[in-house]
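Asker: With the sequence up front, the predicted model follows.
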Amino acid sequence: MSKEISATKYPHPSRRQVLRTAGLAIGAAATAQLGMTGARAAGYPDRPIKIIVPFAPAGPTDIMARILAQNLGSALGGNIITENRSGAGGNIGIGYAAHAEPDGYTLLVTSSAYVVNPGLYVKVPYDPTTDFAPIAELGTSPNVILIDPKLGINSIAELIARAKAHPDELNYASPGAGTTPHLSAEFLKIVGGIEITHVPFSGAAPAVQALLGGVTQLAVTALPPAHPQIESGAVKALAVTGAHRWFDLPDVPTMVELGYKDFIAETFQALLAPAKTPPDIIARLAAQSIEVLQRPDIREQLLNNGFEVIANGPDGLRRRIAIEVPKWRDIIARSGIKPV
């Protein structure tokens, strides 16, 4: 196992650098894609578009969907509304969108549940590779491994050493069974060879409160709800599970930096349409979505809500789906979680 790496060796760019660099990188791609749309897309949309959100209002996916709907609708010269169809870990809404008319007027904004659920459930009402046409990978948020500062544990290495020296002593809170934070913790147990007890809660905020209240010694959550407590010092962040360090937490390493190869466990947000939606409409939606996401004000708004904008088109999203469905299925199986 590699040694932990100093924060100074991997300086993270400022927020302004992140926005400027990413915007320049995708600007040319968006312009090129806008020229690829056909006659059918030219008259689209001629009535309101509906975005299905398979989760309750006010959560991360709903926030992303509403920001996208407002701005994408304006870019398309039409109106986009969001509709929340929550339940069964996202399966109800995803299944509804999968079987909608493939005409470009019903879309789906979903989270990583899209790629996790096929491994969590014996049967899901959609096939992640054939029932949808990928449009765009919108953004992502890392998960974060948190600990009570009073324990005096200051690194993942020290956490693993404590867990090995005192088996079954430590427990951790998560936003719920089957969430990417829960599975991130299970992944940590696998790669670290440790046992820590899972205590599921009904969301990220209650999980953080459990850590603050001493109910658990650790918590693994999405970054946004934990961020204020990290900044105040009420909790200590040992690592983030994203591909790189978060822009304003430069001293918190990634799991990959700490020597855990391929330990990337993010919660991503994606835009999809039912399979067989006309390719020219998919191309226009992808191009306009990327154009919207590269706007500095939109990127800033999403960053403030805990999202790093990705703005990958259909091919990038298709690759992510192809990688993550088997990855999460394997982690679920190795963790001993039984599909329901």
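Answerer: Thanks, I have it. Bear in mind the structure is a predicted one, so any value in this text is a computation, not a measurement.
Asker: Surely residue 291 touches residue 75?
Answerer: Yes - Residue 291 sits in contact with residue 75 when judged by C-beta atoms under 8 Å, with a separation of 6.3 Å. Heads up, the C-betas are built off the backbone N, CA and C, glycines and all.
Asker: Quick check on the two: which one has the bigger neighbour count.
Answerer: Neighbour tally, residue 291 and residue 75, criterion other C-beta atoms under 10 Å: the higher count belongs to residue 291, 21 against 16.
Asker: Okay, that one and residue 136: tell me how far apart.
Answerer: Counting by C-beta to C-beta, to the nearest Å, the separation of residue 291 from residue 136 is 11 Å.
Asker: what does residue 229 give?
Answerer: From residue 229 over to residue 136 the distance is 32 Å, taken as C-beta to C-beta.
Asker: what's the answer for residue 314, then?
Answerer: Following C-beta to C-beta, the distance that separates residue 314 from residue 136 is 7 Å.
Asker: out of those two, which sits in the more crowded spot?
Answerer: It is residue 136, of residue 314 and residue 136, that has more neighbours when counted by other C-beta under 10 Å, with 28 against 21.
Asker: For residue 314 and residue 136, list the residues in contact with both.
Answerer: Any residue near both residue 314 and residue 136 by C-beta atoms under 8 Å, 6 or more residues apart in numbering counts here, and that gives residue 286.
Asker: which residue ranges form the strands in this protein?
Answerer: The residue ranges that make up the strands of the chain, judged by DSSP state E, are 49-53, 80-84, 106-110, 132-147, 171-174, 197-200, 218-222, 236-240, 266-274, 308-312.
Asker: and those as TSV, adding mean pLDDT and distance to residue 96?
Answerer: Formatted as TSV, the strands of the chain follow (pLDDT from 0 to 100; distance: least, C-beta to C-beta, whole Å):
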stretch	mean pLDDT	distance to residue 96
strand 49-53	97	6
strand 80-84	96	9
strand 106-110	97	9
strand 132-147	95	12
strand 171-174	95	27
strand 197-200	93	26
strand 218-222	92	25
strand 236-240	97	33
strand 266-274	94	10
strand 308-312	93	25
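Asker: Please look at residue 321 and residue 112 and confirm they touch.
Answerer: No - under the contact definition of C-beta under 8 Å, residue 321 does not touch residue 112, with a separation of 10.3 Å.
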